[in-house]
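Colleague: Using only what follows, build the 3D model:
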Amino acid sequence: MDSALLSLLAAFLLSILGLFAFIWSLRKGLLVENVKAASAIFAKGEIGQVDDPALRTAAQADLQAAAVEPGDAVHVPDAEEMAERLAADRSSAFPVFMFIAFGCMWLLFGGLAGLISSFKLHWPDFLVSDAWMTFGRMRTVHLTAVLYGWITNVELGIIIWLMPRLLRRPLMGPMWIMLGGALVNTAIASGIGAIGAGWTDGLEYLEMPWQIGIFFAAGMVCIIVPVLYTLANRKVESLYVTTWYHTAGLLWITMLFIVGKLPGVHFGVQQAAMNWWYGHNVLGLWFTPVAVGAIYYFLPKIIARPVRSYNLSILGFWTLAFFYAQVGGHHLVGGPVPGWLITLSIVQSMMMIIPVLAFTINMALTMKGRMRLSRYSPTLRFMMFGGFMYMLSSLQGSFEALRSVQQVAHFTHFTVAHAHLGAYGFVTMVLFGAIYFMMPRILHYEWPYPKLISWHFWLASIGILIYFFFLTYGGWLQGLAMLDPARPFMESVAVTMPYLQWRSVGGSLMVASHVIFVLHFLAMVLRFGPNRVGAALFSTQAQSMEVAHGK
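Modeller: Numbers count the residues shown, from 1 in each chain. As a prediction, this is how the structure comes out:
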């Protein structure tokens, strides 16, 4: 029997087994909504009280007034649970600040390298005097700085900050976590230096030499152990879905990186298969679960309403875990790899529609009647934008895996546009929103210039939309030109030029937003601005800060 038919049959049988498991779970009552678990992010009496630390007192009151619904009653949050939350925040403040500060540094550096790379595509004589300035090295420096320096650092910061809150106990082993962060960032800096010098492993997303990658893996282990120890000593009865996503993401990225970096193991076709197994999974099993888990925490917290369906959130987690691991194979369409591997990847990519729809439906139901709150809350705008881009990029990715689409999109800028929609439109926008929420809690100091948050949002969102739409259309035209045997190859290059210029326009807006964001971050850290609501880290005024933002 044909291998493609066998793989499709296997997928069908798995679906049938899943259906029977679903029916069995209904009979056992396992899918009855767990209201207590859905409300785990709130203290007693806190539901109904909006929370966006990025807002000043007057704006917070406007958000609260807009969020009030008929039948709402005013309650005072439980003092003991609020004290536990404050203790949890203080225990993680230094490590989290370290990760976010490193992330901001790499965001500026990586964004600038990406913009230079974009200019080189339509202005090839720009910065060519030295080898490290060439497109191949500059683009790889951009990828390493942004994917590992920016996204990984900030996602680690989010995990370290949320875990003690969700587990209701102080962070255990913060010094080990800071050691891990130092090792991770040493590896990132050394890897970027090695890439600039021309020393790489030559694999997409795995360019960092394995000798340097050892430090990254060791750093992740130093971070994982205290997190798991904190998890084992939790004070909560049931785990909120964010804990599932974040714990799994930490374990997945460490395992993926170690397997991908094993020296002298992967060769030839196997190496290509491993490369895209890692390349797609670092997006879907590291960046995605942490960002989705962050939305599941911050979005309900801001609007002061529990997530609509806790079971849908758990369904989204497990289907992501089951279906994502093999989707990277569709990048090898037309390559010397077994046909069944490609077909399995396509089937898994289409099955990814399930967790995406579970998340989208859940968020739509949670936000039903509350979309207007985005007018008041800048953090909510970032979260909603990122959640919508998750749906769009994931659905596009599922259909992009089809052979008929790959025939045109393969080896074109279409794929680059899709990758940026996920990594920037979804993940990075969620990280921005999380930082705006977290930093006032970490530093006990307000964002000094709230209007800059709006400028940041609009520049970043307009920039990524320009980048995505023009590069997607240009990439599709490029693919059609390459498929036409009557047109010379250089015509497929020339047809993309106007769209590559628009890519640089979008990239310039994004980099401008990064400059605003990082300068605002520095102004907050250095205590610039008109308002001062508290002292620095571990302030004795932390409790008054929390209550003020929880009213």
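
Colleague: Got phi/psi on Gly202?
Modeller: Per-residue torsions, Gly202: phi 70, psi 20 (degrees, to the nearest 10).

Colleague: what pLDDT does it get?
Modeller: At Gly202, the predicted lDDT confidence score is 89.

Colleague: Next one: it from Ala272, what distance?
Modeller: Per CB to CB, to the nearest Å, Gly202 is found 12 Å from Ala272. Any C-beta I mention is one placed from the backbone N, CA and C, and that applies to glycine too.

Colleague: Over to Gln326?
Modeller: From Gln326 across to Ala272, the span is 14 Å (CB to CB).

Colleague: and if you look at Glu400?
Modeller: Counting by CB to CB, the gap from Glu400 to Ala272 is 19 Å.

Colleague: on that earlier part again, which one's more surrounded, Gly202 and Ala272?
Modeller: A side-by-side neighbour count of Gly202 and Ala272, using other CB atoms under 10 Å, places Ala272 first with 19 against 10.

Colleague: buried stuff in whichever helix or strand the more buried one is part of?
Modeller: Counting by DSSP states H and E, the element that carries Ala272 is helix 268-282. Within helix 268-282, the residues that count as buried by 16 or more other CB atoms under 10 Å are 272-282.

Colleague: what about the helix or strand that comes right after it, distance to the chain center?
Modeller: As assigned by DSSP H and E, the chain's next helix or strand after helix 268-282 is helix 288-303. Averaging C-alpha positions (CA atoms, centre = their mean, to the nearest Å) puts helix 288-303 11 Å from its chain's average.

Colleague: tilt between helix 288-303 and helix 268-282?
Modeller: Angle, helix 288-303 to helix 268-282, by axes from the mean of the first three to the mean of the last three CA atoms, to 10 degrees: 10 degrees.

Colleague: Following the chain past helix 288-303, name the next helix or strand.
Modeller: Downstream of helix 288-303, the next assigned helix or strand under DSSP H and E is helix 310-323.

Colleague: Which secondary structure elements does the helix or strand just after that next one sit against?
Modeller: For helix 310-323, the following helix or strand on the C-terminal side (DSSP H and E) is helix 339-351. Contact partners of helix 339-351 among helices and strands, from 3 or more CB pairs under 8 Å, 6 or more residues apart in numbering; DSSP states H and E: helix 3-28, helix 310-323, helix 378-400.

Colleague: With respect to the ones you listed, which exhibits the lowest mean confidence?
Modeller: Among the helices and strands packed on helix 339-351, helix 3-28 has the lowest mean pLDDT, at a mean of 59.

Colleague: quick one on the thing from earlier: can I get the helix holding Ala272 in CSV, CA atoms only?
Modeller: Presented in CSV, the C-alpha positions along helix 268-282 are these (Å, rounded to 0.1, in the frame of the first residue of the first chain):
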residue,chain,number,x,y,z
GLY,A,268,22.6,14.2,5.1
VAL,A,269,18.9,13.9,4.6
GLN,A,270,18.4,13.1,8.3
GLN,A,271,20.1,16.4,9.2
ALA,A,272,17.6,18.3,7.0
ALA,A,273,14.7,16.5,8.6
MET,A,274,16.1,17.2,12.1
ASN,A,275,16.7,20.8,11.1
TRP,A,276,13.1,21.5,10.2
TRP,A,277,11.8,19.3,13.1
TYR,A,278,13.7,21.8,15.3
GLY,A,279,13.1,24.9,13.2
HIS,A,280,9.3,24.6,13.4
ASN,A,281,9.1,23.2,16.9
VAL,A,282,11.1,26.1,18.4
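
Colleague: Next one: the closest residue to Phe399 other than its chain neighbours, what pLDDT does it get?
Modeller: Spatial nearest neighbour of Phe399, excluding adjacent residues (CB to CB, 6 or more residues apart in numbering): Val405 at 6.0 Å. pLDDT recorded at Val405 is 94.

Colleague: go on, the one 5 residues further on?
Modeller: In the predicted model, His410 carries a pLDDT score of 91.

Colleague: any idea how far it lies from Pro338?
Modeller: Here the criterion is CB to CB. By it, His410 lies 18 Å from Pro338.

Colleague: now swap in Val408 and tell me
Modeller: Note on Val408: its distance to Pro338, by CB to CB, is 23 Å.

Colleague: Give me the more crowded residue out of those two.
Modeller: Per other CB under 10 Å, whichever of Val408 and Pro338 has more neighbours is Val408, with 17 against 14.

Colleague: Now name the helix or strand holding that one.
Modeller: Val408 is part of helix 403-409 when elements are defined by DSSP H and E.

Colleague: Buried residues of that helix, list them for me.
Modeller: By 16+ other CB under 10 Å, the buried positions in helix 403-409 come out as 405-406, 408-409.

Colleague: how far out from the middle of the chain is that helix?
Modeller: 27 Å.

Colleague: Name the residues that touch that helix?
Modeller: The contact list for helix 403-409, computed with CB atoms under 8 Å, 6 or more residues apart in numbering, reads 330, 333-334, 342, 346, 399-400, 414-415, 475-476, 479-480, 483.

Colleague: among the residues you listed, who's most crowded?
Modeller: The most crowded member of those, judged by other CB under 10 Å, is His330 (26 neighbours).
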